[in-house]
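**Student:** Build the 3D model from these lines:
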Amino acid sequence: MDSNPAPGSSIGSALWFLGEVAFKWIPGAVVSIAGTGVAAPSGEASPFATPITAPVTAPQIVQYLQTASAPGAYDRLFQQWSTFVAFSLLISLLLGALSIYCSIRVFQIRQLERRKFAAAQRTVVAHDVPKTQLRWNRILEQANSDSEQSWRLAILEADIMLNELLDVRGYRGETMADKMRGVDRTDFNSIDLAWEAHKIRNKIAHDGSAHQLTARETRRVVALYERVLKESRFIE
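**Tutor:** I've put the predicted structure just below:
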């Protein structure tokens, strides 16, 4: 046999040897350990014809490989051992790299899931308490003032916050009315209150000063917005 086989021939021999290991040597070893006996190709008894009850020596393993192998298999293994080792190392490295990659991806996915879960547990107000709560406090100040212009601004600003709430909850539409039409009432119990408050806002926006606004009406409309925003924990 050529001492320097071509790479293709060496790889083919390595694959053939792996087949010998998987389909002949391993089943033969299992049968031997079970004590059912394995006969050598020549008809002689296998060195492991009885159950293994004592430590096996290296010469016994070599003898078993020689007797359990197909004709010439052991010699080819001995001659091409370096190719087999290199091929085995390559497969081991590839499998090891795949295992590391899978472990990293699983870790990244778990981290992403934990971040999403943590984000879902946090309310909008907890995510941005100063901005949201300060805006609402300013609306209450305007609603409780003595200026009709401030009352109008309070209702308009409250309606803007309602629109932002609808966006946060995933409702889409060209107008705010379109967004509210897409609301599931089982998921948004105060949608009727939102509609009532929004209609008042539209009158203020479209009619301007022609729509007379009182302090009592302002506080009532702002209270409607407050109930809607608090239901979704947009404000405290």
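**Student:** mean confidence for the helix or strand hosting V221?
**Tutor:** Assigned by DSSP states H and E, V221 belongs to helix 215-231. Regarding helix 215-231, the rounded mean pLDDT is 93.
**Student:** Dump that helix to PDB, keeping only the CA atoms.
**Tutor:** Taking Å, rounded to 0.1, in the frame of the first residue of the first chain, the C-alpha atoms of helix 215-231 are listed here in PDB:
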ATOM      1  CA  ALA A 215     -65.400  75.100  34.900                       C
ATOM      2  CA  ARG A 216     -67.800  72.300  35.900                       C
ATOM      3  CA  GLU A 217     -67.900  70.800  32.400                       C
ATOM      4  CA  THR A 218     -64.100  71.100  32.200                       C
ATOM      5  CA  ARG A 219     -63.600  69.100  35.400                       C
ATOM      6  CA  ARG A 220     -66.100  66.500  34.300                       C
ATOM      7  CA  VAL A 221     -64.400  65.900  30.900                       C
ATOM      8  CA  VAL A 222     -60.900  65.900  32.500                       C
ATOM      9  CA  ALA A 223     -62.200  63.300  35.000                       C
ATOM     10  CA  LEU A 224     -63.400  61.100  32.100                       C
ATOM     11  CA  TYR A 225     -59.900  61.200  30.600                       C
ATOM     12  CA  GLU A 226     -58.400  60.500  34.000                       C
ATOM     13  CA  ARG A 227     -60.500  57.300  34.400                       C
ATOM     14  CA  VAL A 228     -59.400  56.100  31.000                       C
ATOM     15  CA  LEU A 229     -55.700  56.800  31.500                       C
ATOM     16  CA  LYS A 230     -55.800  55.300  35.000                       C
ATOM     17  CA  GLU A 231     -57.500  52.100  33.800                       C
END
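**Student:** Could you list the buried residues of it?
**Tutor:** Within helix 215-231, the residues that count as buried by 16 or more other C-beta atoms under 10 Å are T218, R219, V221, V222, L224, Y225, E226, V228, L229. Backbone N, C-alpha and C define where each C-beta goes, glycine included.
**Student:** Stretch 157-175 too?
**Tutor:** E157, A158, D159, M161, L162, N163, L165, L166, Y171.
**Student:** Any idea which helix or strand in the protein has the lowest mean pLDDT?
**Tutor:** Using mean pLDDT, DSSP states H and E, helix 124-127 stands out as the lowest-scoring helix or strand of the chain, at a mean of 50.
**Student:** after that helix comes which helix or strand?
**Tutor:** Using DSSP H and E, the helix or strand that follows helix 124-127 in sequence is helix 129-143.
**Student:** got the angle for whichever helix or strand comes after that following helix vs helix 129-143?
**Tutor:** For helix 129-143, the following helix or strand on the C-terminal side (DSSP H and E) is helix 148-168. Calculated by axes from the mean of the first three to the mean of the last three C-alpha atoms, to 10 degrees, helix 148-168 forms an angle of 150 degrees with helix 129-143.
**Student:** Run through who's touching helix 148-168.
**Tutor:** Under the criterion C-beta atoms under 8 Å, 6 or more residues apart in numbering, residues 124, 132, 135-136, 138-140, 142-143, 145, 176, 179-180, 183, 194, 197-198, 200-201, 204-205, 213, 215, 218, 221-222, 225-226, 228-229, 232, 234-235 lie in contact with helix 148-168.
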